[in-house]
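> Got a sequence here, can you build the structure:
(one chain, ligands or ions: 1)
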Amino acid sequence: MMLQEEVAASQGIRIRRRPPTGPPLHYVGPFEFRVQNEGNTPRNILEEIVWNKDVEVAKMRQKKPLSSLKKSLENAPPTRDFLGALREANRRTGFPGLIAEVKKASPSRGILREDFDPVEIAKAYEKGGAACLSVLTDEKYFKGSFENLEAIRNAGVKCPLLCKEFVVEAWQIFYARVKGADAILLIAAVLPDLDIKYMTKICKMLGLTALVEVHDEREMDRVLAIEGVELIGINNRNLETFEVDISNTKRLLEGERGQLIRQKDIIVVGESGLFTPDDIAYVQEAGVKAVLVGESIVKQSDPGKGISGLFGKDISL
Ligand SMILES: O=C(O)c1ccccc1NCC(=O)[C@H](O)[C@H](O)COP(=O)(O)O
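Alright, predicted model coming up:
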């Protein structure tokens, strides 16, 4: 039988998973240290985030086990139709439906906005014509939180909410649902096919939309072969190197892949590095029906007006 690492490697997944305890500690007198080596040092930022997430989730799960989360689900508000909102915005405006990201900071750009009030930003996005919102919940690398997600949901914002997390186990999907998410991100560079399949089913069971994110042709082909995937994000940012190239979206939608996506009626989201009306036109021409945008709009003094700047037109009407 293949080990988890071997299965992942056979699918081209380069991100390695680490047991939550991490590498062993060594002691010399009163000092403790870990010997750094190739096996216990993350090779890139995505691997580092995932290793930290494993530890973080294990702790959170101890405090709130799945059985207690399932009980909380009974009182959770109903989910809103994330896919429906994107389709409707696309039909109404003629532009890709906007998923506007509530993003305070990122590993590649540092702090994006000092005066960061997540609820105010969310309301400004909604007023500016966003179809859906993406709320970063990772604290360590993005200065986000589940409190932000909950606060936005409780403030009466009507746009469906994407929980922008680094999912490494199914427990996080239940947690996101309890905290008010309508959709959740699953990253193909991190999750093997069987996990994506199983997690997509859990999402359906909980009424959540799964946004399955790919970065290259191999990941796209893997995800297209998985039954039940309705929403695929193409990230223009390489999460291992931070390089951003919006032609990635075009490349992955060319030829037979694009045909298959249309046949399956899958909605594709162009993600990252979109700053101008020309960028939006470029990815729309490539075939996306939705875009996910953070930096270019969150940095504007009025993020809602930032949306008009991004599209070259007021899309709130
Ligand atoms: O944004 C980063 O630096 C980053 C680093 C490592 C993993 C993920 C990262 N970002 C997540 C995203 O994909 C973006 O937040 C999202 O697509 C919006 O991108 P942008 O419009 O360029 O802010």
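> longest helix of this structure?
The helix that spans the most residues within the chain, counting by DSSP state H, is helix 45-63.
> list the buried ones in that helix?
With burial defined by 16 or more other CB atoms under 10 Å, the residues of helix 45-63 counted as buried are 45-54, 56-57, 61. For the C-beta atoms, the positions are set from N, CA and C on the backbone; glycine is no exception.
> And for stretch 113-120?
Buried residues in stretch 113-120, counted by 16+ other CB under 10 Å: 113, 116, 118, 119.
> Check the burial of the nearest residue to residue 225 once chain neighbours are set aside by counting its neighbours.
Nearest-residue entry for residue 225: residue 193, 7.5 Å, with adjacent residues in sequence omitted and distances by CB to CB, 6 or more residues apart in numbering. Applying the criterion other CB atoms under 10 Å, we find 17 residues in the vicinity of residue 193.
> Verify the stated contact: residue 193 with residue 11.
Yes: contact between residue 193 and residue 11 holds when scored by CB atoms under 8 Å: they sit 6.0 Å apart.
> shared neighbours of these two, anything?
Residues touching both residue 193 and residue 11 (CB atoms under 8 Å, 6 or more residues apart in numbering) are residue 222.
> isn't there a strand covering residue 292?
Yes: Residue 292: assigned to a strand according to DSSP: H, G, I helix; E, B strand; the rest coil.
> quick one, what contacts it?
Taking CB under 8 Å, 6+ apart as the definition of contact, the neighbours of residue 292 are 99, 101, 134, 233, 269, 270, 271, 272.
> Could you rerun that using 6 Å?
With contacts defined as CB atoms under 6 Å, 6 or more residues apart in numbering, the neighbours of residue 292 are 99, 134, 269, 271.
> Which residues outside the helix or strand containing the first one are in contact with it?
Under the assignment given by DSSP states H and E, the secondary-structure element containing residue 99 is strand 97-102. Outside strand 97-102, the residues that touch it by CB under 6 Å, 6+ apart are 86, 89-90, 118, 121-122, 125, 130-135, 290-292, 294, 297.
> just to revisit the earlier point, buried among the contacts of residue 292? Need that as a selection in PyMOL.
In PyMOL syntax, the buried subset of those is picked out as below (16+ other CB under 10 Å):
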select buried, resi 99+134+269+271
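> So which of the contacts of residue 292 reach the ligand?
Here is what survives when those are matched to the ligand using CB under 6 Å from any ligand atom: residue 271.
> Which member of the contacts of residue 292 is positioned nearest the ligand?
The ligand has its nearest neighbour among these in residue 271, at 3.9 Å by CB to the nearest ligand atom.
> Quickly note the distance from the closest residue to the closest one other than its chain neighbours to residue 300.
Spatially, and ignoring its direct neighbours in sequence, residue 271 is nearest to residue 292 (4.2 Å; CB to CB, 6+ apart). Counting by CB to CB, to the nearest Å, the gap between residue 292 and residue 300 amounts to 17 Å.
> Which residue does the stretch 201-317 of the chain have closest to the ligand?
Counting by CB to the nearest ligand atom, the stretch 201-317 of the chain gets nearest to the ligand through residue 294 (2.9 Å).
> hey, where'd the strands end up in this structure?
Assigned strands in the chain, in chain order: 26-28, 31-33, 97-102, 105-106, 110-111, 132-136, 161-164, 183-187, 209-214, 231-235, 267-271, 290-293 (criterion: DSSP state E).
> how near is the residue lying closest to residue 257 once chain neighbours are set aside to residue 102?
With CB to CB, 6+ apart as the criterion, residue 257 has its nearest non-adjacent residue at 5.9 Å, and that residue is residue 220. Taking CB to CB as the criterion, residue 220 is separated from residue 102 by 27 Å.
> Would you mind naming what in the stretch 201-317 of the chain lies close to the ligand?
Along the stretch 201-317 of the chain, the residues adjacent to the ligand under the rule CB under 6 Å from any ligand atom are 235, 237, 239, 242, 271-274, 292-296.
> Among these, which one lies nearest to residue 255?
Taking CB to CB as the measure, residue 235 is the one of these closest to residue 255, at 19.9 Å.
> Pretty sure the closest one sits against residue 272.
Yes: the pair residue 235 and residue 272 passes the contact test of CB atoms under 6 Å, sitting 5.5 Å apart.
> Compare residue 220 and residue 102 (neighbour count), which wins?
Summary of the neighbour comparison: residue 220 and residue 102, criterion other CB under 10 Å, with residue 102 having more neighbours (29 against 22).
> Spell out the residue ranges of the helices in the stretch 101-250 of the chain.
118-127, 146-154, 171-178, 193-206, 217-224, 247-252 (DSSP state H, counting those that start in this stretch).
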